[in-house]
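Enquirer: got a predicted model here, sequence first, then my questions.
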Amino acid sequence: GQQLNQSPQSMFIQEGEDVSMNCTSSSIFNTWLWYKQDPGEGPVLLIALYKAGELTSNGRLTAQFGITRKDSFLNISASIPSDVGIYFCAGRAVRGNEKLTFGTGTRLTIIP
Amino acid sequence: NAGVTQTPKFQVLKTGQSMTLQCAQDMNHNSMYWYRQDPGMGLRLIYYSASEGTTDKGEVPNGYNVSRLNKREFSLRLESAAPSQTSVYFCASSDRVGDTQYFGPGTRLTVL
């Protein structure tokens, strides 16, 4: 089936630092989504991207739909304690199975 | 709107017992999904229902059955629970397969 490679698997950063994570796929996608999962909760949608090159912000979060259509990036600026959690990318391939495929997640920990 | 609701929130079973996890959505979505989340494994799709009256296997369907009771409700049944089914189970819904999914808060299941 479809594979999404999300990296890094985990990050340990200090409060105030910027964060970058990415997802790459083996095929071309027409939708990229970024979710955040707080401890003990279900994933919540942060940003949705539908066009190659699209750059979308949600507060301190910015995500980009890669121009190759095989990757996406999420940046968090000036991290704060409530940014802790697991970030998942998800995407829908142009061809083949139309279901969303989820990455394995990036676990963000903030060191006080 | 409650979005996606799941019951119960926590459950402990003994090996061989059966139980049904309930999920309901009030967003008038056509498609619903069941995932399990294990440490380091991300979200794995168990079953999904593209529309009322249809169900299909996902990535890890063995040991589970589902019922799309009506447009709002999608239940997941474990007929004979095994310790390997200890996990956190998430229900999600979307307008159509491949669209943005919205998740419930999860059910934490332990099988002893």
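Expert: That came through, no problem.
Enquirer: ranges for the strands of the chain?
Expert: By default, I'm working from chain A. A:4-7, A:10-14, A:19-25, A:29-37, A:44-49, A:55-58, A:61-65, A:71-76, A:85-93, A:101-102, A:106-111 (DSSP state E).
Enquirer: sorry, I should have been clearer: chain B.
Expert: So, for chain B - with DSSP E - the strands run B:4-7, B:10-13, B:19-25, B:31-38, B:42-49, B:56-57, B:65-68, B:74-78, B:87-94, B:102-103, B:107-111.
Enquirer: what stretches of chain A score poorly on pLDDT?
Expert: A:1-2, A:96-97 (pLDDT under 70).
Enquirer: near chain B, which residues of it?
Expert: Counting by Cβ under 8 Å from any Cβ of the partner chain, chain A comes close to chain B at A:1, A:9, A:31, A:33, A:35, A:40-45, A:48, A:88, A:90, A:92, A:98-100, A:102-105. In short, each C-beta sits where N, CA and C put it, glycine included.
Enquirer: of those residues, grab the buried ones for PyMOL.
Expert: This is how PyMOL selects the buried members of the residues of chain A next to chain B, with burial counted by 16 or more other Cβ atoms under 10 Å in any protein chain shown:
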select buried, chain A and resi 31+33+35+42+43+45+48+88+90+92+99+100+102+103+104+105
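Enquirer: so what's the residue count around residue 22?
Expert: The chain I'm using is chain A. A:N22: 19 surrounding residues under other Cβ atoms under 10 Å in any protein chain shown.
Enquirer: wrong one, I was asking about chain B
Expert: Neighbour number of B:Q22 under other Cβ under 10 Å is 16.
Enquirer: was I right about it contacting B:R72?
Expert: No: using Cβ atoms under 8 Å, B:Q22 is not in contact with B:R72, being 10.8 Å away.
Enquirer: the helix or strand of chain B with the lowest mean pLDDT close to chain A?
Expert: Lowest mean confidence among the helices and strands of chain B (mean pLDDT, DSSP states H and E): strand B:42-49, at a mean of 93. Yes: under the criterion of Cβ under 8 Å from any Cβ, chain A is reached by strand B:42-49 at B:G42, B:L43, B:L45, B:Y48.
Enquirer: format the residues you listed as a markdown table; extra columns: neighbour count and distance to A:G53.
Expert: Output for these, formatted as a markdown table (neighbours: other Cβ atoms under 10 Å in any protein chain shown; distance: Cβ to Cβ, whole Å):
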| residue | neighbour count | distance to A:G53 |
| --- | --- | --- |
| B:G42 | 18 | 27 |
| B:L43 | 28 | 27 |
| B:L45 | 21 | 29 |
| B:Y48 | 26 | 31 |
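Enquirer: between those residues, which sits nearest chain A?
Expert: Taking Cβ to the nearest Cβ as the measure, chain A lies nearest B:G42 of the residues of strand B:42-49 next to chain A, at 3.7 Å.
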